[in-house]
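Participant: Let's see this in three dimensions:
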Amino acid sequence: MLSLSPVNRLQLPEKIETERLYLQRLRYEDAEEIFYTYASKAEATRYVSWPTHKSIRDTQQFLRYAVNAWNAGVDFTYGIRLKDSHRLIGSIGIINDQGKIQFGYILSPTQWGKGFATETCRTVLEELQKHPEVYRIGTMVDTENVASIRVLQKCGLREEARLPNWFRFINQNNLPKDCILFSL
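Facilitator: This is a model prediction of the structure:
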């Protein structure tokens, strides 16, 4: 069961707006959009820590976790939607380990190269820095994920360490990959 003491519990808003996007707490009703937009796409899930979804049932199972984790104050996942069309284009997740934050994001391949990842990350980082209980913000990325490395650098994160054979990405044949640890 997920639980934290009230001192360590992070309270994030359920909706955050940017210039072109809004980030909204994921809901059970988002399952089909999530599945078809990015979770079932091998090219989108190549660098994430979770397996590519094979069915909507996989996405529904993830949403059960996401709702419970948000309620416990330990893991917050926002859907990323275009303001003008309300269309889901990706998501960003924030894990709270008693004030030490790790985050990651995913976008639909149809939305790559449009600045949405940078806009989303900058906004989430600004929100996290408002919370005094947050003392560290970081993420880890495969050294081959050049696009995400650029996004993180544009958002002000700095390379903290290069980690050889650090993580097994399930969607890359579970082979150990070199990673870069970034922190703000």
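
Participant: ok, and for stretch 131-150, which residues are buried?
Facilitator: 134, 137, 138, 139, 140, 141, 142, 145, 148, 149 (16 or more other Cβ atoms under 10 Å). For glycine as for every other residue, the C-beta is placed from the backbone atoms N, C-alpha and C.

Participant: Could I get the full set of helices for this structure?
Facilitator: Here the chain has its helices, by DSSP state H, at 31-34, 42-45, 56-72, 116-128, 146-154.

Participant: Now tabulate those helices in CSV and tack on mean pLDDT and distance to residue 174.
Facilitator: Formatted as CSV, these follow (pLDDT from 0 to 100; distance: least, Cβ to Cβ, whole Å):
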stretch, mean pLDDT, distance to residue 174
helix 31-34, 98, 23
helix 42-45, 98, 13
helix 56-72, 96, 17
helix 116-128, 98, 25
helix 146-154, 98, 20
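
Participant: between these, which one is nearest to residue 16?
Facilitator: helix 116-128 (6.0 Å; Cβ to Cβ).

Participant: The closest one to helix 146-154, inter-axis angle?
Facilitator: Interaxial angle, helix 116-128 versus helix 146-154 (axes from the mean of the first three to the mean of the last three Cα atoms, to 10 degrees): 40 degrees.

Participant: Show residues contacting helix 116-128.
Facilitator: Here helix 116-128 makes contact (Cβ atoms under 8 Å, 6 or more residues apart in numbering) with 12-13, 16, 18-21, 23, 78, 80, 89-90, 92, 94, 101, 103, 105, 107, 134, 137, 147-148, 151-152, 154-156, 184.
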